[in-house]
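Q: Okay, sequence plus prediction incoming.
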Amino acid sequence: MSASAFGNYSVLVIEDETFTRMVLARMLGGLGFKAVHQAGDGEAGLAAVRAHAPDIVLCDVEMKPLDGLGFLRGLRTGAEPSRSLPVVFMTNRTDEGRMAEARDLGADIFIVKPVTPDALRDTLGRRLG
């Protein structure tokens, strides 16, 4: 998927490390997303989904106070559940138990940190394309 192909989509980045979140937002902007929204943890991510209705979510797994799995659980089963919003998990730990739990909750794809622009383009392109 070319960078211009992302111009019809908005993305939400949920990442607790400010620097990493800013780098991801810049990479996503460079890929041509029409809007890049940001949240610092899972709770803020749930609020951002309600406020911005993104087309896809890029979410860190390990955050506090509400981690990525908690975000996904809230997204899929909360007061206003969204079962169809694609969620791409970013992680540097790929232990099978955590990944199985995330898949059971409806995670779509995993991307290993550190994330590169090429990995973002390929992974998000597969999910949105």
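A: Received, thanks.
Q: Quick one: the helices in this structure, in order.
A: Here the chain has its helices, by DSSP state H, at 18-30, 42-52, 68-77, 96-105, 117-128.
Q: With respect to residue 83, which of those helices lies nearest?
A: For the helices of the chain, proximity to residue 83 was assessed by C-beta to C-beta; helix 68-77 is nearest, at 5.8 Å. Heads up, the C-betas are built off the backbone N, CA and C, glycines and all.
Q: Same question for that closest one: list its buried residues.
A: Buried residues in helix 68-77, counted by 16 or more other C-beta atoms under 10 Å: 68, 69, 70, 71, 72, 73, 74, 75, 76.
Q: so the second one touches residue 101, yeah?
A: Yes: in this structure, residue 69 is within contact of residue 101 by C-beta atoms under 8 Å, at 6.2 Å.
Q: pLDDT weak spots in this protein?
A: Low-confidence segments of the chain, defined by pLDDT under 70: 1-4, 94.
Q: Please name the residues that touch the spatially most central residue of it.
A: Geometric centre of the chain, nearest residue: residue 58, 1.3 Å, by C-alpha atoms, centre = their mean. Contacts for residue 58 (C-beta atoms under 8 Å, 6 or more residues apart in numbering) come out as 11, 12, 13, 14, 15, 24, 28, 88, 90, 111, 120, 124.
Q: Could you measure from the nearest residue to the second one once chain neighbours are set aside over to residue 104?
A: Think residue 12. Using C-beta to C-beta, 6 or more residues apart in numbering and skipping the chain neighbours, the partner closest in space to residue 12 is residue 54 (4.0 Å). According to C-beta to C-beta, to the nearest Å, residue 54 and residue 104 sit 22 Å apart.
Q: Which one's more surrounded, these two?
A: Between residue 54 and residue 104, counted using other C-beta atoms under 10 Å, the more crowded position is residue 54 (21 against 11).
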